[in-house]
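S.K.: predicted model follows, preceded by the sequence.
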Amino acid sequence: MKKQVFNPFLPLNVCIPDGEPHLFDGRVYLYGSHDREGGWTFCMEDYEVWSAPEEDLSDWRCEGITYRASQDPAYPERKYMYAPDVVRGNDGRYYLYYCMSGDYGVGGYTQPISVAVCDTPAGKYEFLGHVKNPDGSLMMRYVCFDPAVLNDNGVIRLYYGTQYGFEEDHPGEEWVLETEQEMFGRTREEILSYPDSINGPVMAVLEDDMLTVKEPAKHIIPYKVKGTSFEEHPFFEASSMRKMGEKYYFVYSSWQNHELCYAVSDHPDRDFSFGGTIVSNGDVGIDGRKIEDKLNMTGTTHGSIIQLSGQWYVFYHRLTHKSDYSRQACAEKIEIAEDGSIKQVEITSCGLNDGPLRAEGIYPAGICCNLTNGRMPHGCNSVYPIAFPNITNLGEERFIGEIEDGTLIGYKYFECKGLSEIGIKVRYETPENLVTFHGPARIDERSADEMKKYEKPENVAEDELKSGEDFDEGYFDEGYFDISTSIDGPVIARIAVPLTEPGVTDASALDPMTWLDCSGLIDPDTLPDGTYAFFLRYHGKRKTQLREIWFR
């Protein structure tokens with residue numbers, strides 16, 4: 001690689017979630033939806049494609065806006081394009097599949113699958129039409145959502161669907177039918193016409209025109225999961241299909257909604273068996289970690305796997321800005337065992353890099369792979385108004401905000417050679433620099449439950465942000481970060497956060513926009529040369545913000 005690359009591997013102001021990586025003619029192209037930094041609903045921006053040479057995954061370039069929502073006939077009634085996929089057709093052209101949705105996800109389960117086409121992988125796509133039945137009518141079988149496409153030796157296979165457990169958990173109950181009619185925009189008769197369920201992942205075969213259904217859609221795994229290998233990790237959404245040799249790998253987001261799972265079959269349309277979890281954006285499952293001990297705010301995930309220069313990777317996304325609406329692309333190396341299994345990998349800061357990052361120079365704080373106060377919420381189509389540590393921005397400055405007492409910030413991994421000092425660029429959080437959300441209120445009922453679950457008990461006072469003479473006695477006590485190489489490991493350094501910048505004696509006179517450089521010395525006997533994780537745990541009465549971490 002020409003340079004280092006870390007997670008997220010695109011610039012920190014770029015939010016490309018739902019990533020489908022594909023290799024075309026020596027370049028890997030990342031196709032995904034496009035969130036707005038600090039946005040208030042899913043997929044607010046037009047499709048933007050990024051690509052990199054297969055042999056240098058540090059050299060990502062923006063291919064620009066390749067397709068606009070306004071090109072779809074459903075616009076402006078449906079303004080937002082959800083998770084797409086791209087496939088090379090038998091004619092050598094490139095076909096983009098996607099679904100439209102309205103604000104706050106309204107109508108996202110009621111639209112047909114749209115198709116656009118281009119002569120190049122990242123050129124300007126043009127609307128082609130909708131997936132249709134042989135009689136020319138719109139194909140609306142099952143729930144058209146999160147399409148994925150595979151050119152299987154000339155056979156064009158279209159995968160899609162979503163799944164809720166209503167029917168299996170409450171068979172025959174009237175409220176289930178009413179709920180599905182509203183969610184999916186279908187009549188009672190149509191929902192009842194399915195011999196299995198309108199829910200679940202399905203596959204259809206398309207004609208070479210890339211629009212017309214050749215073989216109608218059918219379930220690829222059972223909708224009823226109880227008693228099957230999928231019972232603990234049922235399909236929810238985010239279909240993606242890959243073929244390795246003669247095996248088909250179905251990658252999907254489970255009901256857990258923070259993990260990418262996979263299933264394997266000898267067939268593209270049946271007999272899939274659950275394989276396991278590939279990655280969780282909260283590291284749930286790593287070392288037996290439970291959901292209540294997650295190491296990040298968790299939430300929606302979507303991605304897939306790909307082999308590049310002999311190495312397998314999983315692409316996924318993380319959440320920022322205390323919401324589901326500012327998601328960023330990440331990737332990790334994975335291994336395919338001889339028996340075809342994939343072991344779950346932890347999320348890291350080094351991701352696509354050739355090994356650990358170098359413990360030298362400056363890194364943005366936002367490349368942390370773990371960020372928790374011990375009670376992080378799960379994202380549920382919302383922007384949280386409650387305070388908890390989060391990756392955010394104020395104008396062009398990007399940093400970690402709302403760092404409170406006990407917050408853990410983790411970076412994995414760094415190669416250390418003669419490391420003697422570790423430093424940070426930090427400031428105390430005040431009303432002047434606190435990031436506030438100015439969009440429409442977004443609190444899903446599930447998030448309301450999360451807020452009750454994760455808010456501090458009533459008998460625990462929350463320190464108020466104060467100014468002037470309103471500070472409580474002791475409020476000016478310095479905070480500090482303890483540094484360790486494991487979550488609960490011994491402290492190897494301590495970084496005090498001063499109350500003033502050099503030359504200022506009055507703490508209340510400190511400019512709230514000023515970042516302070518602070519550092520702690522490391523004893524080489526305590527930290528011999530090698531590869532380490534670094535965890536920063538904050539202690540202090542006042543909240544802080546962290547912009548950079550540096551080494552020398």
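M.R.: Received it, and whenever you're ready, just let me know what you need.
S.K.: low-confidence ranges, the protein, go.
M.R.: Segments of the chain classed as low confidence (criterion: pLDDT under 70) are 454-476, 502-509.
S.K.: all helices for it, in order.
M.R.: Applying DSSP state H to the chain gives helices spanning 166-169, 174-184, 188-193, 445-454.
S.K.: mean neighbour count and distance to E20 for those - can I get that in a markdown table?
M.R.: Any C-beta I mention is one placed from the backbone N, CA and C, and that applies to glycine too. As requested, the helices of the chain are arranged in a markdown table below (neighbours: other C-beta atoms under 10 Å; distance: least, C-beta to C-beta, whole Å):
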| stretch | mean neighbour count | distance to E20 |
| --- | --- | --- |
| helix 166-169 | 16 | 28 |
| helix 174-184 | 15 | 24 |
| helix 188-193 | 12 | 30 |
| helix 445-454 | 15 | 27 |
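S.K.: A122 touches D25, doesn't it?
M.R.: No. With the criterion set as C-beta atoms under 8 Å, A122 and D25 do not qualify as a contacting pair; they are 11.2 Å apart.
S.K.: ok, the two, which is more surrounded?
M.R.: Each of A122 and D25 had its neighbours counted (other C-beta atoms under 10 Å), and the higher figure belongs to A122 (23 against 9).
S.K.: and the gap between that one and L308?
M.R.: When C-beta to C-beta, to the nearest Å is applied, the distance between A122 and L308 equals 17 Å.
S.K.: ditto for L352
M.R.: 9 Å.
S.K.: so the residue most central in space within the chain bridges to which residues?
M.R.: The residue lying closest to the centre of the chain (C-alpha atoms, centre = their mean) is H317, at 2.3 Å. In this structure, H317 has beta-bridge partners A329, where bridges are defined by DSSP bridges.
S.K.: tell me which residues touch it, please.
M.R.: Residues near H317 by C-beta atoms under 8 Å, 6 or more residues apart in numbering: 16-19, 32, 281, 300-303, 327-330.
S.K.: any chance of TSV for those, columns distance to L521?
M.R.: Listed next are these as TSV, based on distance: C-beta to C-beta, whole Å:
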residue	distance to L521
I16	39
P17	40
D18	44
G19	40
G32	43
N281	34
T300	42
T301	39
H302	43
G303	40
R327	38
Q328	33
A329	36
C330	32
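S.K.: which one of the residues you listed is nearest to P112?
M.R.: When these are compared for distance to P112 (C-beta to C-beta), D18 comes out closest, at 18.8 Å.
S.K.: the closest one: neighbour count?
M.R.: 31.
S.K.: next, it: phi, psi?
M.R.: In this entry, D18 is assigned phi and psi values of phi 60, psi 40 (degrees, to the nearest 10).
S.K.: wait, what's in contact with it?
M.R.: Residues in contact with D18 (C-beta under 8 Å, 6+ apart) are 32-33, 82-84, 146, 238, 302-303, 317, 327.
S.K.: quick one: which of these is most hemmed in?
M.R.: The most crowded member of those is R327, carrying 32 neighbours; neighbours defined as other C-beta under 10 Å.
S.K.: test my guess that that one contacts Y316.
M.R.: No. Under the criterion of C-beta under 8 Å, R327 makes no contact with Y316, lying 9.6 Å away.
S.K.: nearest residue to E332 in space, please, no chain neighbours.
M.R.: Distances taken as C-beta to C-beta, 6 or more residues apart in numbering place V345 nearest to E332, at 4.8 Å, with adjacent residues excluded.
S.K.: roughly how far does the one you found sit from S280?
M.R.: From V345 to S280 the distance is 9 Å (C-beta to C-beta).
S.K.: these two: which has the busier surroundings?
M.R.: Looking at V345 and S280 with other C-beta under 10 Å, you find the greater number of neighbours at S280, namely 27 against 18.
S.K.: tell me how far the nearest residue to that one once chain neighbours are set aside lies from T162.
M.R.: Setting aside the residues directly before and after it, S280 is nearest to E259 in space (C-beta to C-beta, 6+ apart), at 4.2 Å. Distance, E259 to T162, by C-beta to C-beta: 16 Å.
S.K.: equivalent analysis for I220, please.
M.R.: In this structure, I220 lies at 14 Å from T162, with C-beta to C-beta as the measure.
S.K.: in the sheet, who's paired with the residue lying closest to R442 once chain neighbours are set aside?
M.R.: Distance criterion C-beta to C-beta, 6+ apart; nearest residue to R442, sequence neighbours excluded, is V383 at 4.4 Å. The residues paired with V383 through beta bridges, assigned by DSSP bridges, are S323.
S.K.: before we move on, back to that, out of the helices of the chain, flag the one nearest S341.
M.R.: Once C-beta to C-beta is applied to the helices of the chain, the stretch that comes out nearest is helix 166-169, at 27.4 Å.
S.K.: touching, Y75 and Y67? I think so.
M.R.: No. Under the criterion of C-beta under 8 Å, Y75 lies out of contact with Y67, with a separation of 11.6 Å.
S.K.: which of the two has more neighbours?
M.R.: A count of neighbours by other C-beta under 10 Å puts Y67 above the other of Y75 and Y67, at 25 against 14.
S.K.: can you tell me the number of residues neighbouring the nearest residue to L138 once chain neighbours are set aside?
M.R.: Counting by C-beta to C-beta, 6+ apart, P112 is the residue found nearest to L138 once chain neighbours are left out, at 4.6 Å. P112: 17 surrounding residues under other C-beta under 10 Å.
S.K.: just list the residues touching P112, thanks.
M.R.: Taking C-beta under 8 Å, 6+ apart as the contact definition, P112 lies against 99, 130-131, 138-140, 144.
S.K.: so which of those are in strands?
M.R.: H130 (DSSP state E).
S.K.: can you put the contacts of P112 in a markdown table and add neighbour count and distance to M183?
M.R.: Converted to a markdown table, the contacts of P112 look like this (neighbours: other C-beta atoms under 10 Å; distance: C-beta to C-beta, whole Å):
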| residue | neighbour count | distance to M183 |
| --- | --- | --- |
| C99 | 26 | 14 |
| H130 | 19 | 20 |
| V131 | 24 | 20 |
| L138 | 14 | 18 |
| M139 | 21 | 19 |
| M140 | 19 | 14 |
| C144 | 27 | 13 |
